[in-house]
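Chemist: what's the 3D shape of this:
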Amino acid sequence: MDSSGLNTGRHLGRGRAGSVYKASDGTVSFALKTFRDEAAFFAEKAAYERIQGVGALKDRVPHYHGSFHFPPHASILMEKVDGLMLCEALPSLSSATRNNALKQLEETLHILHHNARPQDIIAHNSCAQLLDFSTTSLQEQIPEALRERQRDLDLNALRASRHVTALPASMQNRSTPQKGPNQEEPLAQEEKLALPLADRLALRHREEEAVPIPRTCPSRPWDASRVPADQALEMRVSAARCTAQLESAFGRPEEALFDEAGAFYLGAVRGAAYTDAGVLALRFELAENLRY
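Modeler: Residues are numbered from 1 along each chain as shown. The predicted model follows:
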């Protein structure tokens, strides 16, 4: 498409790799994404070109209208999709519509690996559309050994996004969380949802709700018959690490993280002591976050 006939309008949003503006050729409105990073431009351009040949993704992603250099940035032109972020639209959707949209999105993620953040999912005409493909790969291009793991990460992020608007403010004080929009799935009942849920909240600038999650969810009593000890330990250490990162991003982390991280380790390893290499290594890692 010839960019000389395009007029740019208002700023629509900012993504990981660039900014999106409304554009028009005088008849049709488009979304024009300009990139700050050349590598991200080529990655997203290649992703859109590949996606066009995947019939199962038709109407699951915005239509692609080409790429060009729109001074001073490399840009791509795509369909302008109007709608709410899915996590904002969920409460107003009927149960049937919500379940259908989420089912479509899960099917898309089986084909397309994508870091599905809430702001990258738009509810449009009762469908869920994915945006932002600067970090995308078709499943067939991912080594088989990694494919299942990456798909699980995407689906966990999606499920966390489903619950993000239903998070009760007093969750950290409850031993049994309240249920979210889908009454069949208790809020963050699966511990592996704690970290992606915290991440989704932090991205929505709800830090005061994000920080307590990795500090409290993994500290609830573990069902030993359901969670292997090594998995419990990994989750607790990950929670301590995530907490330090979240708190350092939005203010100086509390020094109590030292004790909490050690408690995570000591509570999961029989006979462990504060002088163990595992405790000392974790304390050193968290101390790095306190330097800034």
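Chemist: Dihedrals phi and psi, Ser29?
Modeler: Phi and psi for Ser29, reported as degrees, to the nearest 10, are phi -90, psi 140.
Chemist: Skip the chain neighbours and tell me the closest residue to it.
Modeler: Lys80 (5.0 Å; C-beta to C-beta, 6 or more residues apart in numbering). The C-beta positions use only the backbone N, C-alpha and C, and glycine is treated the same way.
Chemist: ok now do that neighbour, which residues does it touch?
Modeler: Leu12, Lys22, Ser29, Phe30, Ala31, Pro62 (C-beta atoms under 8 Å, 6 or more residues apart in numbering).
Chemist: State the pLDDT value of it.
Modeler: Note for Lys80: predicted pLDDT of 84.
Chemist: Kindly report the same for Asp276.
Modeler: For Asp276, the predicted pLDDT is 77.
Chemist: Could you report the distance from it to Phe284?
Modeler: From Asp276 over to Phe284 the distance is 13 Å, taken as C-beta to C-beta, to the nearest Å.
Chemist: With Ile122 instead?
Modeler: Taking C-beta to C-beta, one finds Ile122 at 43 Å from Phe284.
Chemist: quick one, which of these two is more surrounded?
Modeler: Remark: of Ile122 and Phe284, Ile122 carries more neighbours, 19 against 10, as counted by other C-beta atoms under 10 Å.
Chemist: I figured the more buried one was touching Gln129, is that so?
Modeler: Yes. Between Ile122 and Gln129 a contact is recorded at 4.9 Å, counting by C-beta atoms under 8 Å.
Chemist: Mark out where each domain of the chain begins and ends.
Modeler: 7-79, 84-163, 205-290 (the TED database).
Chemist: sec struct for Val20, please.
Modeler: strand (DSSP: H, G, I helix; E, B strand; the rest coil).
Chemist: That one and Arg10 touch, don't they?
Modeler: No. Applying C-beta under 8 Å, one finds Val20 not in contact with Arg10, separated by 10.2 Å.
Chemist: tell me which residues in stretch 29-46 are buried?
Modeler: The neighbour-count check on stretch 29-46 (16 or more other C-beta atoms under 10 Å) flags Phe30, Ala31, Leu32, Lys33, Thr34, Phe35, Ala40, Phe41, Ala43, Glu44, Lys45 as buried.
Chemist: Quickly find the element holding the third one.
Modeler: Here Leu32, judged by DSSP states H and E, is contained in strand 29-35.
Chemist: Check which helices and strands the next helix or strand after that strand sits against.
Modeler: Note on strand 29-35: by DSSP H and E, the next helix or strand toward the C-terminus is helix 38-51. Applying 3 or more C-beta pairs under 8 Å, 6 or more residues apart in numbering; DSSP states H and E, one finds that helix 38-51 makes contact with strand 29-35, strand 64-70, strand 73-79, strand 137-138.
Chemist: Switch the ones you listed over to JSON lines; also include distance to Ile51.
Modeler: Compiled in JSON lines, the helices and strands packed on helix 38-51 are given as follows (distance: least, C-beta to C-beta, whole Å):
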{"stretch": "strand 29-35", "distance to Ile51": "15"}
{"stretch": "strand 64-70", "distance to Ile51": "7"}
{"stretch": "strand 73-79", "distance to Ile51": "11"}
{"stretch": "strand 137-138", "distance to Ile51": "8"}
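Chemist: closest one to Leu266 among the ones you listed?
Modeler: strand 137-138 (39.8 Å; C-beta to C-beta).
Chemist: where does Thr27 land in three-state SS?
Modeler: coil.
Chemist: Just the pLDDT for it.
Modeler: For Thr27, the model assigns a pLDDT of 86.
Chemist: try the one 4 residues further on
Modeler: Residue-level confidence at Ala31 comes out at 87, pLDDT.
Chemist: With Gly9 instead?
Modeler: On the pLDDT scale, Gly9 gets 83.
Chemist: Secondary structure element holding it?
Modeler: strand 7-14.
Chemist: Tell me what angle that strand forms with strand 64-70.
Modeler: 100 degrees (axes from the mean of the first three to the mean of the last three C-alpha atoms, to 10 degrees).
Chemist: ok, strand 7-14: who's next to it in the sheet?
Modeler: strand 18-24 (antiparallel) (DSSP bridges).
Chemist: Give me the contacts around the partner strand.
Modeler: Taking C-beta under 8 Å, 6+ apart as the rule, strand 18-24 contacts 6-14, 29-37, 40-41, 73, 77, 80, 134.
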